[in-house]
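Participant: here's my sequence, what's the structure:
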Amino acid sequence: MDGHEGWDDYAPYYDWENAQTVGRRDIAFWQRMASAVDGPVLELGCGTGRVALPVARQGVTVVGIDRSAPMLDRARTRVKRARLQSRIHLVRGDIRHLPFPNRSFPLVMAPYGILQSLLVERDLTRTLAAVTRVLTRKGTFGLELVADLPAWDEYSRRVSMRGKLGPSGKPVTLFESVTQDRRRHITRFDQEFVEGRGKDAVHRQFNLAFRTLTVPQMVRRLETAGLEVSALLGDYQGGPWDLRAEVWIILARRG
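Facilitator: Okay, the predicted model is just below:
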């Protein structure tokens with residue numbers, strides 16, 4: 001499977017699940033990053049607008065790009081409801097081939113593991129080259145890697161989440177299976193959301209896959225793309241990274 005597969009089907013559940021997992025713990029970090037630059041900010045894999053909306057509320061212009069039309073439909077609804085149409089511009093496109101002029105953005109954000117959806121090396125290489133091209137001189141690329149994916153236990157059809165009120169207003173249960181491809185460093189999640197109960201329950205199944213690189217491995221790839229790493233962070237408050245850190249954030253600049 002390709003890394004982009006599954007996200008269209010995930011769209012109705014993305015906000016519900018993430019509210020109970022990552023939530024807003026990284027939002028203040030990206031708000032600080034965006035408020036410190038002069039010019040529009042690009043977010044890779046903006047999804048339903050989880051990061052873009054609170055960043056735009058700080059007065060920043062955000063351009064969000066995502067490949068999934070259902071994700072973007074939900075983002076557009078949220079943008080309209082928040083009356084942020086003048087601050088947020090949503091583009092359906094491929095992060096490997098960014099459809100923007102050279103040197104357009106002083107900051108490109110890749111929050112919460114979006115680059116880990118690139119399962120093969122050539123796709124990561126193309127994406128980093130595209131990011132380097134659209135960064136302004138001395139512009140910053142900020143990315144987060146989800147640190148614990150390789151350590152995820154393998155299991156089959158475990159109930160990993162329940163809610164009395166799911167996205168559709170009905171009780172919802174998430175059955176999840178996890179497999180690890182150790183050779184390719186890929187973690188796969190088979191997800192089944194069951195909404196409602198009994199014979200009227202609706203079952204929706206899809207798969208998500210993520211590839212993990214270590215921080216030193218990603219640093220080497222950034223440098224190969226022409227970027228200079230300026231900071232390795234181990235928390236959302238700007239603390240230094242080490243091997244025990246639960247948060248892996250890399251900041252790099254175009255020279």
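Participant: what about Gln116, which SS state?
Facilitator: On the three-state scheme (DSSP: H, G, I helix; E, B strand; the rest coil), Gln116 is labelled helix.
Participant: contacts only, for it.
Facilitator: Neighbouring residues of Gln116 by C-beta atoms under 8 Å, 6 or more residues apart in numbering: 3, 145-146, 149, 210-213. Bear in mind the C-beta positions are built from the backbone N, C-alpha and C, glycine included.
Participant: same check on Lys138?
Facilitator: Contacts of Lys138 (C-beta under 8 Å, 6+ apart): 106, 253-255.
Participant: which ones among the residues you listed map onto strands?
Facilitator: Filtering those for membership in strands, criterion DSSP state E, returns 106, 253-254.
Participant: dump those residues into JSON lines; add pLDDT and neighbour count as well.
Facilitator: Output for the ones in strands among the contacts of Lys138, formatted as JSON lines (pLDDT from 0 to 100; neighbours: other C-beta atoms under 10 Å):
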{"residue": "Pro106", "pLDDT": "98", "neighbour count": "20"}
{"residue": "Arg253", "pLDDT": "98", "neighbour count": "16"}
{"residue": "Arg254", "pLDDT": "93", "neighbour count": "21"}
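Participant: closest one to Val229 out of these, please.
Facilitator: Proximity of the ones in strands among the contacts of Lys138 to Val229 (C-beta to C-beta) peaks at Arg253, which lies at 8.1 Å.
Participant: could you measure the closest one against Thr140, distance?
Facilitator: 5 Å (C-beta to C-beta, to the nearest Å).
Participant: Ile249 now?
Facilitator: Here Ile249 is placed at a distance of 12 Å from Thr140 (C-beta to C-beta).
Participant: give the contact list for Met161.
Facilitator: Applying C-beta under 8 Å, 6+ apart, the residues near Met161 are 17, 20, 173-174, 176.
Participant: how about stretch 116-125, which residues are buried there?
Facilitator: For stretch 116-125, the neighbour count (16 or more other C-beta atoms under 10 Å) marks 116-119, 123-124 as buried.
Participant: okay, now Val91: neighbour count?
Facilitator: By other C-beta atoms under 10 Å, 14 other residues sit near Val91.
Participant: also Ile27?
Facilitator: 17.
Participant: now do the phi/psi pair for it.
Facilitator: phi -60, psi -50 (degrees, to the nearest 10).
Participant: and the closest residue to it other than its chain neighbours, which of the three is it?
Facilitator: Leaving out its chain neighbours, the residue that sits closest to Ile27 by C-beta to C-beta, 6 or more residues apart in numbering is Pro54, at 5.0 Å. When classified by three-state DSSP, Pro54 comes out as helix.
Participant: and Pro54, how far from Ile249?
Facilitator: Counting by C-beta to C-beta, the gap from Pro54 to Ile249 is 17 Å.
Participant: neighbour count: these two, which is higher?
Facilitator: Per other C-beta under 10 Å, whichever of Pro54 and Ile249 has more neighbours is Ile249, with 24 against 18.
Participant: got the contact list for that one?
Facilitator: Ile249 makes contact with 29, 142-145, 231-234, 236, 241, according to C-beta under 8 Å, 6+ apart.
Participant: quick revisit: per-residue confidence at the residue nearest to Ile27?
Facilitator: pLDDT recorded at Pro54 is 98.
Participant: that one contacts Gln31, correct?
Facilitator: Yes: using C-beta atoms under 8 Å, Pro54 is in contact with Gln31, at 6.2 Å.
Participant: before we move on, back to that, okay if I get the contacts of Lys138 as TSV plus distance to Asp8?
Facilitator: TSV is the format used below for the contacts of Lys138 (distance: C-beta to C-beta, whole Å):
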residue	distance to Asp8
Pro106	31
Arg253	34
Arg254	33
Gly255	38
